[in-house]
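Peer 1: Prediction below, plus the sequence it came from.
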Amino acid sequence: MTDILETGLTPLEEARHGFRRELLDAGLLIASASAGVYGRSATFEAVLTGLDRVLTELTAPLNATALRFPPVYPRADFELTDYIASFPDLSGVVSSFEGGDREHRELLAAREAGERWDGYLTPADVVLTNAICHPLYATLRGRMPAGGGVYDILGWGFRHEPSADPMRMQSFRMHEFVYVGEPDAAQEYRDTWLDKAVDALSGLGLPVTPVAANDPFFGRAGRMLVSEQLRDNLKVELTVPMYGDLHEGTAIASANCQRDHLTAAFGIRTAGGEVAHGACLAFGMERTVLALLRVHGLDVNDWPLDVRARLAL
Ligand code: AMP
Ligand code: ZN
C-alpha cells in the first residue's frame, strides 16, 4: 500500500483510482476530459443489455407500460419536481444562443480573446433529466385508472457529481419500474419489489445488502428532508461492497416511496379522487455492470457459467 503522505490519496481513493485504471486499461470504459463521463466498450454494453433482459424478465408479471423519454425534459416540469431546490449542485440546465448578429460578433470576439462565452447564452426551455421517472410524472396529470398504473422507464440521467470513482458518473442509465396509484398499494409495491430485486441481483452473484438510505439533499433545509426519509424508511438502497473494508458499499439500485411528493405537484389523483402516491424501483445500469465486473473479474469469458447464461453472454 502506498503511503498516504506520498500520494495525497486515502486508501479508499487509491482503491477507486485503481479500479478506474483497471477498467480503462481493459478498454471497458473510455476516459474523457471530464471526470465521470466515459465511453463504453461493446463488452460493457453486452453485459448491460443482458442485465436489462434479466430485469425485464423479473418484472414481466407487472405488465408495465414501457415508455422511453429523451435525456432532456421541459424546464416547467423540472420546476414542479423541486429538484433545483433540493439538489442545485447535481442539476444541469441547457443554455443556447438566442441573440442576433451583434451578439454573435461579441461572442466570437470573447472566444477569440480566450474569454468565457457562456454569458452570451440564455437558458433554453429544457433541462437534463436527473431522475428518469420525472418526465413520466409530467404525462400522468389527472386521474389514474382504478388500481393505478405501472410503468417501465429506461433512460439516461445526468447528475453533476464529477468523481474519480467509476461508480459515480455524471451521465448514466437507470431502469425504473414505477407505480402510481393508491397510497397503500404504493407502499406494498415498494416492499414487494425490493425483495424481488434483492433475489434477482443475488442470483447474478452480487452480494447485495438492503440499507435504509437518504438522498443527498443540499443545505440546511435539506437536513429536514433527510431525517424524514430515514424516519419513515422512504428510501432503501441495495448496496454492494466495491472496495472491501474501506467503504460500506455502493448503491446499485434503490426502492423508493415518493408518497405524494411528485403526484401532488403534477396534479395526479387516484381513481377515487385523492392525491395519488408514487413508488419506484430504480436500477443503476452502469453501476450494476461495474459491480458484476468487480465481483466476477474484468474478463467476462471467465465469469461463472450460470451468470453468463442468465446474461446471455
Ligand atoms: P437514485 O434515484 O439516487 O436512487 O438513483 C437510482 C440509481 O441510479 C442508484 O441506486 C444508482 O445505482 C444509480 N446512480 C445514482 N447516481 C449515480 C451516479 N452518479 N453514477 C452512476 N450511477 C448512479
Ligand atoms: Zn424514480
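Peer 2: It's in. Ligands and ions are numbered 1, 2, ... in the order given.
Peer 1: going forward, measure contacts between C-alpha atoms and count neighbours the same way
Peer 2: Noted.
Peer 1: Please enumerate the helices of this protein.
Peer 2: Counting by DSSP state H, the segments of the chain that form helices are 4-7, 11-25, 42-58, 75-81, 83-86, 101-112, 134-139, 183-202, 219-231, 261-265, 285-296, 305-310.
Peer 1: Dump the last one to CSV, restricted to CA.
Peer 2: Think helix 305-310. C-alpha atoms of helix 305-310 as CSV (Å, rounded to 0.1, in the frame of the first residue of the first chain):
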residue,chain,number,x,y,z
LEU,A,305,-21.4,-20.2,-16.5
ASP,A,306,-24.7,-19.7,-14.9
VAL,A,307,-24.2,-15.9,-14.7
ARG,A,308,-23.1,-15.9,-18.3
ALA,A,309,-26.1,-17.8,-19.3
ARG,A,310,-28.5,-15.5,-17.4
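Peer 1: Pull up the residues of the stretch 151-300 of the chain that are close to ligand 2.
Peer 2: Cys280 (C-alpha under 5 Å from the ion).
Peer 1: Residues of the stretch 151-300 of the chain that sit close to ligand 1?
Peer 2: Residues of the stretch 151-300 of the chain lying near ligand 1 by C-alpha under 6 Å from any ligand atom: 159, 167-170, 172, 174, 251-254, 282-284, 287.
Peer 1: Top of those residues by number of neighbours, please.
Peer 2: Using other C-alpha atoms under 10 Å as the neighbour criterion, Ala253 leads these with 27 neighbours.
Peer 1: and it, what does it touch?
Peer 2: Ala253 sits next to 237-239, 281-284, 288 when contact means C-alpha atoms under 8 Å, 6 or more residues apart in numbering.
Peer 1: what does Ser34 give?
Peer 2: Pro162.
Peer 1: For Ser171, see how far away it is.
Peer 2: For Ser34, the distance to Ser171 (C-alpha to C-alpha, to the nearest Å) stands at 11 Å.
Peer 1: likewise Asn63?
Peer 2: Taking C-alpha to C-alpha, one finds Asn63 at 28 Å from Ser171.
Peer 1: what about these two, which has more around it?
Peer 2: Ser171 (20 against 11).
Peer 1: mind checking how far the more buried one is from Leu90?
Peer 2: 11 Å.
Peer 1: can you check Leu58 too?
Peer 2: Counting by C-alpha to C-alpha, the gap from Leu58 to Leu90 is 31 Å.
Peer 1: Neighbour count: the two, which is higher?
Peer 2: Ranked by neighbour count (other C-alpha under 10 Å), Leu58 and Leu90 place Leu90 first, with 18 against 15.
Peer 1: how near is that one to Val127?
Peer 2: Leu90 is 12 Å from Val127, by C-alpha to C-alpha.
Peer 1: Not counting sequence-adjacent ones, nearest residue to the residue of the stretch 151-300 of the chain found nearest ligand 2?
Peer 2: When scored by C-alpha to the ion, the stretch 151-300 of the chain has Cys280 as its residue closest to ligand 2, at 4.9 Å. Distance criterion C-alpha to C-alpha, 6 or more residues apart in numbering; nearest residue to Cys280, sequence neighbours excluded, is Val178 at 4.3 Å.
Peer 1: correct me, but Leu80 touches Thr263?
Peer 2: No. If you go by C-alpha atoms under 8 Å, Leu80 and Thr263 don't touch, sitting 9.9 Å apart.
Peer 1: Just want to know which of the two has more residues nearby.
Peer 2: Applying other C-alpha under 10 Å to Leu80 and Thr263 shows that Thr263 carries more neighbours, namely 25 against 17.
Peer 1: pretty sure the more buried one contacts Val275?
Peer 2: Yes. In this structure, Thr263 is within contact of Val275 by C-alpha under 8 Å, at 6.8 Å.
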